[in-house]
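Colleague: just need the structure, nothing else, for what follows:
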Amino acid sequence: MKTIVKYIRTHLKEDYKTDTYFIFLSFLSVFIYINHVTNFDLNFLSKTINTPLLVMFYFVFFGFAYYTTIAIIVFTKSDYSFIKSSGFWFTSIFAILLVSLRLGFLEHYKWIYENIAPQKAFFYTKIAARAMRTIIFSFGILFFYYLFEKYNTNFYGFSTKNVSWKPYFLLLLIVIPFIGIASFQPSFLNQYPLIGNTGNAINKLHALAIYESVYLFDFISIEWFFRGFLVLSMVKILGSKAILPMVALYVFFHIGKPTGEIIGSIFGGYILGIISLHSRSIIGGIIIHMGVAFLMDLMAIIQKFDNYF
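Modeller: Sure, this is the predicted structure:
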């Protein structure tokens with residue numbers, strides 16, 4: 001834990017400015033409140049879900065999150081230097097397009113519903129969605145890396161150098177009670193486990209085992225994108241300022257989740273971003289993210305034990 005605390009203290013000394021953080025948190029608070037009271041994803045996103053406009057909608061949505069934070073940093077810190085960098089614009093636009101494709105590409109759904117028995121289609125769409133999202137993130141990052149950053153031997157954080165395993169497992173122990181408490185909330189149980197109700201056409205225990213494997217593997221690509229690509233490819237341009245824009249995009253990425261989880265993504269994204277920035281590794285973030293995701297599903301499964309066993 002001392003290592004993580006040291007990272008946080010060092011980062012705050014380098015990056016913290018009261019005006020910047022106050023306006024940034026106010027911006028995210030307004031978004032979370034609007035999302036909470038309007039069900040933004042259901043009332044607005046659903047109108048474009050079956051049209052080619054979905055990717056465009058996500059691009060504007062995520063671009064708004066990222067570049068609003070950039071604007072906050074520019075005006076509160078009076079730092080315009082990186083705005084002149086073509087690398088900043090090229091990398092950030094590519095990243096926003098990639099996350100937009102991850103959530104906006106749904107063509108595989110149509111194929112499944114046309115070719116799979118209706119009683120099994122829900123399960124296959126859940127598996128396909130996770131697998132496709134992992135592929136989009138992974139191949140997108142690899143594409144960028146091999147074309148533009150082959151000199152980067154760190155490979156966006158896939159390094160075990162400077163990694164101490166103990167703090168990350170201690171953090172998981174700390175969050176267990178909080179997840180346990182949250183698991184008694186109706187909104188939590190409505191969301192988890194994410195495999196949902198597969199019906200009677202597929203063995204629920206088998207479906208759960210298959211889905212959890214694909215689901216947890218997806219967190220490697222999520223960490224690789226948010227804490228690896230968005231932080232470690234931008235650090236040479238933004239330095240310590242790379243964290244807050246990533247956090248904003250990560251919070252907007254959680255739209256559709258319970259409000260408590262969206263709020264938690266601010267702190268989780270921020271801390272994991274700092275760890276990645278200062279350790280130059282995403283391994284710790286992968287451990288924490290996969291561990292928390294597994295524990296959330298596990299707590300929900302315990303609450304719904306009779307549904308699966």
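
Colleague: quick one: low-confidence ranges for the stretch 51-200 of the chain?
Modeller: By pLDDT under 70, the low-scoring segments of the stretch 51-200 of the chain are 51-52, 162, 196-200.

Colleague: could you pull out the helices in it for me?
Modeller: With DSSP state H, counting those that start in this stretch, the ranges of helices along the stretch 51-200 of the chain come out as 53-77, 86-104, 107-115, 118-148, 166-182, 186-191.

Colleague: ok, now the stretch 201-309 of the chain?
Modeller: 204-223, 230-232, 235-238, 243-253, 259-279, 283-303, 305-308.

Colleague: want to throw those helices into TSV with mean pLDDT?
Modeller: Below are those laid out as TSV (pLDDT from 0 to 100):
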stretch	mean pLDDT
helix 204-223	86
helix 230-232	94
helix 235-238	92
helix 243-253	96
helix 259-279	90
helix 283-303	87
helix 305-308	68
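
Colleague: deepest-packed of these, please.
Modeller: Mean neighbour count (mean count of other Cβ atoms under 10 Å) peaks for helix 230-232 among the helices of the stretch 201-309 of the chain, with a mean of 27. (Glycine included, C-beta is placed from N, CA and C.)

Colleague: so can I have TSV of the helices of the stretch 201-309 of the chain showing distance to Ile93?
Modeller: TSV is the format used below for these (distance: least, Cβ to Cβ, whole Å):
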stretch	distance to Ile93
helix 204-223	20
helix 230-232	12
helix 235-238	13
helix 243-253	13
helix 259-279	20
helix 283-303	24
helix 305-308	43
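
Colleague: and of the ones you listed, who's closest to Val99?
Modeller: Proximity to Val99, assessed across the helices of the stretch 201-309 of the chain by Cβ to Cβ, is greatest for helix 243-253 (6.6 Å).

Colleague: run through who's touching that closest one.
Modeller: Residues from elsewhere that reach helix 243-253 (Cβ atoms under 8 Å, 6 or more residues apart in numbering): 11, 15, 20, 24, 27-28, 31-32, 61-62, 64-70, 72-73, 92, 95-96, 99, 103, 226-227, 230-231, 234, 238, 262, 265-266, 269-270, 273-274, 277.

Colleague: drop anything exposed from these.
Modeller: Buried members of those, counted by 16 or more other Cβ atoms under 10 Å: 11, 15, 20, 24, 27-28, 31-32, 61-62, 65-70, 72-73, 92, 95-96, 99, 103, 226-227, 230-231, 234, 238, 262, 265-266, 269-270, 273-274, 277.

Colleague: list the contacts for the closest residue to Ile195 other than its chain neighbours?
Modeller: Once flanking residues are discounted, Ile195 sits nearest to Tyr211: 4.2 Å by Cβ to Cβ, 6 or more residues apart in numbering. Residues counted as contacts of Tyr211 (Cβ under 8 Å, 6+ apart) are 123, 126-127, 130, 193-195.

Colleague: now do Tyr7
Modeller: 274-275, 277-279.

Colleague: if we use 7 Å, what do you get?
Modeller: Going by Cβ atoms under 7 Å, 6 or more residues apart in numbering, Tyr7 touches 274-275, 278.

Colleague: which one of the residues you listed sits closest to His289?
Modeller: Among the contacts of Tyr7, Ile275 lies closest to His289 (Cβ to Cβ), at 11.2 Å.

Colleague: please tell me how far the closest one sits from Leu171.
Modeller: Separation of Ile275 from Leu171 (Cβ to Cβ, to the nearest Å): 10 Å.

Colleague: same check, this time on Ala117
Modeller: Between Ala117 and Leu171 the computed distance is 43 Å (Cβ to Cβ).

Colleague: what of Leu54?
Modeller: 35 Å.

Colleague: likewise Ile23?
Modeller: To Leu171, Ile23 is 29 Å away according to Cβ to Cβ.

Colleague: thought Phe188 was touching Pro258?
Modeller: Yes: between Phe188 and Pro258 a contact is recorded at 6.2 Å, counting by Cβ atoms under 7 Å.
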